[in-house]
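Q: build me a structure from this.
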Amino acid sequence: MMSNLFSTFDPSTSTNLSINWSSALLGLMFLPSMFWLIPSRINFMWIKITSTLHNEFKILLKINKMKGSTLIFISLFSLILFNNFLSLFPYIFSSTSHLTLTLALALPLWTSFMIYGWMNNTMHMFAHLVPQGTPPVLMPFMVCIETISNIIRPGTLAIRLTANMIAGHLLLTLLGNTGTSLSMIMINMLILTQLLLLVLESAVAIIQSYVFSILSTLYSSEVN
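A: Presented below is the predicted three-dimensional model:
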C-alpha cells in the first residue's frame, strides 16, 4: 500500500535495494538476440529511425567536417526513449521522472557546449547576447535577458522531461486507485480510459525523447 501519491516515484517502493537505478540499462535486455545477430524487421526499423535522426541533426549542426558528431545526440535519444518506455511497465522504477537523471544528462551537455563556445568562439558567443537590430538603449536589458535564458537551459530541459513523465504516471495512478470503489460498468470504462492514456503516454515518451535531443542539438549548433 502506498503511503502517499508520490510513492510510485520512490526507489525504495519496489525493493529496499539500490539496484532500482539499473532500470536505466534494462532497455538493452528487452532487445531480442536477433537484433544483434542478423538483420531483422526490428533492426531495419531502428536503422531507419536513426538514419532519419542523423539527417535532421546534421542539418541543424551545420558541420560537414566533423563526421559522427550526431552520434551523441542519437545515443541520447535512444537512452531517453528506452527509459521512457520502460517506465510504462508495472513494477519498474521510472528513472526519467527524476531530476537526478535528467539533470545528469542536460547539465554536462550544456556545460561542455558553453566551455567550448567561450574558449573557441568568444566573439560569436558575445554576439548571441545581443540580437541583431536591438536598439542601443535596450542592449543592457537584452544582455541580462539572454544571459538568464542561457543559464536556465539545462534546468528547462530536465524539468520538461521530468514533469511530462510525472504528469502521465500520476494520472494513471490516480485513475487506477479508484477502481475498487466503482461498479462493473464504470470499471470497463476505466479500463478503456487507462488504455487510451497508455497510448497517449507512449506518444509522450517518443515526443519527449525527441524534444530533449533536438533541443540539445540546437544548443550545440549555437556555439559554432
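Q: can you list contacts of stretch 148-167?
A: Outside of stretch 148-167, the residues within contact range by Cβ atoms under 8 Å, 6 or more residues apart in numbering are 9, 80, 84, 87, 94, 96-99, 102-103, 105-107, 109-111, 114, 128, 204-205, 208, 211-212, 215-216, 219. The way it works is simple: take the backbone N, C-alpha and C, and place the C-beta from them, glycine included.
Q: and the host helix or strand of Asn84, average pLDDT?
A: Element membership of Asn84 [criterion: DSSP states H and E] is helix 71-86. Averaged across helix 71-86, the pLDDT comes to 87.
Q: now stretch 170-185
A: What stretch 170-185 shows for mean pLDDT is 79.
Q: least confident secondary structure element in the chain?
A: Taking mean pLDDT, DSSP states H and E as the measure, the helices and strands of the chain show their lowest mean at helix 33-37, namely a mean of 63.
Q: the longest helix belonging to the chain packs against which elements?
A: In the chain, with assignment by DSSP state H, the single longest helix is helix 184-221. Where contact means 3 or more Cβ pairs under 8 Å, 6 or more residues apart in numbering; DSSP states H and E, helix 184-221 is packed against helix 41-61, helix 71-86, helix 99-120, helix 153-177.
Q: who touches the spatially closest residue to Leu81 that is not a sequence neighbour in this structure?
A: If the residues on either side of it in the chain are set aside, Leu81 comes closest to Ser209, at 4.2 Å by Cβ to Cβ, 6 or more residues apart in numbering. By Cβ under 8 Å, 6+ apart, the residues touching Ser209 are Phe77, Ile80, Leu81, Asn84.
Q: low-confidence ranges in this structure?
A: Across the chain, the ranges flagged by pLDDT under 70 are 1-21, 27-28, 30-38, 63-67.
Q: hmm, try it at 50
A: 1-2 (pLDDT under 50).
Q: show me just the buried residues among the contacts of stretch 148-167.
A: 9, 80, 84, 87, 94, 96-98, 102-103, 105-106, 109-110, 114, 204-205, 208, 211-212, 215-216, 219 (16 or more other Cβ atoms under 10 Å).
Q: buried residues, the longest helix of the chain. List them.
A: For helix 184-221, the buried set under the neighbour-count rule, 16+ other Cβ under 10 Å, comprises 197, 201, 204-205, 208-209, 211-217, 219-220.
Q: and which of those is nearest to Ser51?
A: Comparing the buried residues of helix 184-221 against Ser51 with Cβ to Cβ places Ser213 closest, at 14.7 Å.
Q: picking up where we left off before, kindly reformat the helices and strands packed on helix 184-221 as JSON lines containing distance to Ala24.
A: As requested, those are exported to JSON lines (distance: least, Cβ to Cβ, whole Å):
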{"stretch": "helix 41-61", "distance to Ala24": "19"}
{"stretch": "helix 71-86", "distance to Ala24": "6"}
{"stretch": "helix 99-120", "distance to Ala24": "7"}
{"stretch": "helix 153-177", "distance to Ala24": "13"}
